[in-house]
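S.K.: Requesting a structural model of the entry that follows:
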Amino acid sequence: MGMGRYVVDAVLIEGRSAREVAQAHGISRSWIYELLQRFRAGGYEALQPRSHRPRFCPHETPPEMVRAIVRLRGELHAQGHDAGPATIAYHLAQTHKDTPSRSTIWRILSREGLIERQPQKRPRCSLTRFEAQLPNEMWQADITAWQLACGEVAEILNLIDDHSRLFLSSTAYERVKAADVVSSFHKAAELHGLPESVLSDNAAVFVGSYRKGKVLFESELEHLGVEFKNSRPYHPQTCGKVERLHQTLKRYLERQAPARALSELQGQLDAFVHYYNDIRPHRALEGRTPLQAYSARLRARPAGAPPSTHFRVRQDKVDQTGRVTLRYQSRLYHIGLGRAHKGRAVKLLVADRSIRVIDLNGELIRELTLDPSRDYQPLARV
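M.R.: Predicted structure coming up:
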């Protein structure tokens, strides 16, 4: 306000002309007249600098959407689920047509004081990340502890697929014994098939080599032809995916009523497994759910295991060139249907390399056996 008051006093009190003051101090006359008009309307207070923020912004997020984002953040946080921008964007898309981008949601949460700044402990470029190429190529197993309402500590045995992050099994025990590990493994294998390998830490129920022997779990895997791997001592990063899963699971359990018995704790675990696998989008999976990532590719099998037919259904839309795509054993293939079908919604019924392409009314468009040696499958009409 110093310059504005000086100009007003110089013109109105000292009696100098606006032109003289403008030439003496390099100020435009129109600005001097604007200051004089403000002063006459509101006194010296009106000379305060005003905000340059526009009164209306067509790109501004509507207030009701901001409220929905803040409310959803609170609900997810209260339930113990991930409440980051990606998860919020996913849930908003279920109930709203036009949803903000994840970066916009992050800025809204930050503006509302709902983002906790976390200093980066190490640069991302220093992280070496391993991921299995196929579902069932490697499972990770680990045990974590959880306290019941009565004060007793239970143990939770978790199994996770390394490629897709599918939560294969989560079972609560008073104390995990060798037979419990084998039982949980077989229940998961009945649902998802046997894995090619299993990775665990050096807990006594998993590994007996440091006692110069074998435990029941090692013997069972050897009998099934499943390769067993274990991390080196005091290096939890090797089993990083299941270790990270423990954190997510416990954050959820902390928001639930304390379980009074193992059966009640098991019910909470089952509810979380369903949400984690089927509903929650995973940032490491490009926004897909673990179940979607697990179902997208052929599953690995134990070495020497008899081949079994892998069935799946893929929904796609014929592109402008008349083709659809299909991933088989980590490789992308292009299947020609003809330009006459461009833009048409189709389903691919896949039984290993046998493929039937139908439209949504069930009409067969093409049937073929995939040739793994060719990226582009030659066009053949039914």
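S.K.: list the contacts for residue 357?
M.R.: Under the criterion of C-beta atoms under 8 Å, 6 or more residues apart in numbering, the contact partners of residue 357 comprise 324, 335, 337, 346-349, 364-367. All C-beta atoms are positioned from the backbone trio N, CA, C, and that covers glycine.
S.K.: who's in contact with the helix or strand harbouring residue 74?
M.R.: Following DSSP states H and E, one finds residue 74 within helix 63-79. Contacting residues not belonging to helix 63-79 are listed as 82-83, 87-88, 91-92, 96, 99-100, 105, 108-109, 112, 114, 252, 255 [C-beta under 8 Å, 6+ apart].
S.K.: 10 Å - rerun?
M.R.: With contact meaning C-beta atoms under 10 Å, 6 or more residues apart in numbering, helix 63-79 is reached by 60-62, 81-85, 87-89, 91-92, 95-96, 98-100, 104-105, 108-109, 111-112, 114-115, 251-252, 255-256, 272, 275, 280.
S.K.: quick one on the thing from earlier: now, of the contacts of residue 357, which are buried?
M.R.: Among those, those classed as buried by 16 or more other C-beta atoms under 10 Å are 324, 335, 337, 346-348, 365-366.
S.K.: Which strand residues bridge residue 142?
M.R.: Each beta-bridge partner of residue 142 is listed here, defined by DSSP bridges: residue 158.
S.K.: Please identify which helix or strand holds residue 346.
M.R.: Short version, using DSSP H and E: residue 346 is in strand 345-351.
S.K.: of the buried ones among the contacts of residue 357, closest to residue 215?
M.R.: residue 348 (43.7 Å; C-beta to C-beta).
S.K.: okay, now the residue lying closest to the closest one once chain neighbours are set aside: neighbour count?
M.R.: Using C-beta to C-beta, 6 or more residues apart in numbering and skipping residues adjacent in sequence, the residue nearest residue 348 is residue 314, 4.4 Å away. Residue crowding around residue 314 was assessed by other C-beta atoms under 10 Å; the count is 17.
S.K.: Can you name the residues that contact residue 314?
M.R.: Residues in contact with residue 314, defined by C-beta under 10 Å, 6+ apart, are 295-296, 324-327, 346-350, 355, 357.
S.K.: let's go with 8 Å and repeat that
M.R.: With C-beta under 8 Å, 6+ apart, residue 314 has these contacts: 326, 347-348, 350.
S.K.: Looking at those, which one is closest to residue 203?
M.R.: residue 350 (38.9 Å).
S.K.: which residue is nearest the middle of this protein?
M.R.: Note on the chain: the residue nearest the mean C-alpha position is residue 282, at 2.0 Å, using C-alpha atoms, centre = their mean.
S.K.: Touching, it and residue 291? I think so.
M.R.: No - contact status for residue 282 versus residue 291: not in contact, 10.1 Å apart, counting by C-beta atoms under 8 Å.
S.K.: that older thread, between the helix or strand that the helix holding residue 74 is followed by and helix 63-79, how big is the angle?
M.R.: Note on helix 63-79: by DSSP H and E, the next helix or strand toward the C-terminus is helix 85-95. Interaxial angle of helix 85-95 relative to helix 63-79 (axes from the mean of the first three to the mean of the last three C-alpha atoms, to 10 degrees): 120 degrees.
S.K.: List the buried residues in helix 85-95.
M.R.: Taking 16+ other C-beta under 10 Å as the basis for neighbour counts, the residues of helix 85-95 that come out buried are 85-92.
S.K.: who's in contact with the nearest residue to residue 376 once chain neighbours are set aside?
M.R.: The spatial neighbour of residue 376 that comes closest, neighbours along the chain excluded (C-beta to C-beta, 6+ apart), is residue 334 at 4.7 Å. For residue 334, the contacting residues are 323-325, 375-377, taking C-beta under 8 Å, 6+ apart as the criterion.
S.K.: Determine which two of the residues you listed are furthest apart.
M.R.: Checked with C-beta to C-beta, these reach their widest spread between 324 and 375, with 13.4 Å between them.
S.K.: Can you report phi and psi for residue 238?
M.R.: Note on residue 238: its backbone torsions stand at phi -60, psi -40 [degrees, to the nearest 10].
S.K.: Give me the pLDDT for the nearest residue to it once chain neighbours are set aside.
M.R.: The spatial neighbour of residue 238 that comes closest, neighbours along the chain excluded (C-beta to C-beta, 6+ apart), is residue 231 at 3.4 Å. Residue 231 carries a pLDDT score of 78 in this model.
S.K.: So residue 231 sits against residue 240, correct?
M.R.: No - in this structure residue 231 lies outside contact range of residue 240 using C-beta under 8 Å: 9.6 Å.
S.K.: care to break this protein down by domain?
M.R.: Domain assignment for the chain, taken from automatic domain parsing, gives 2-47, 139-295, 311-377.
S.K.: Report the beta-bridge partners for residue 316.
M.R.: Beta-bridge pairing for residue 316 (DSSP bridges): residue 346.
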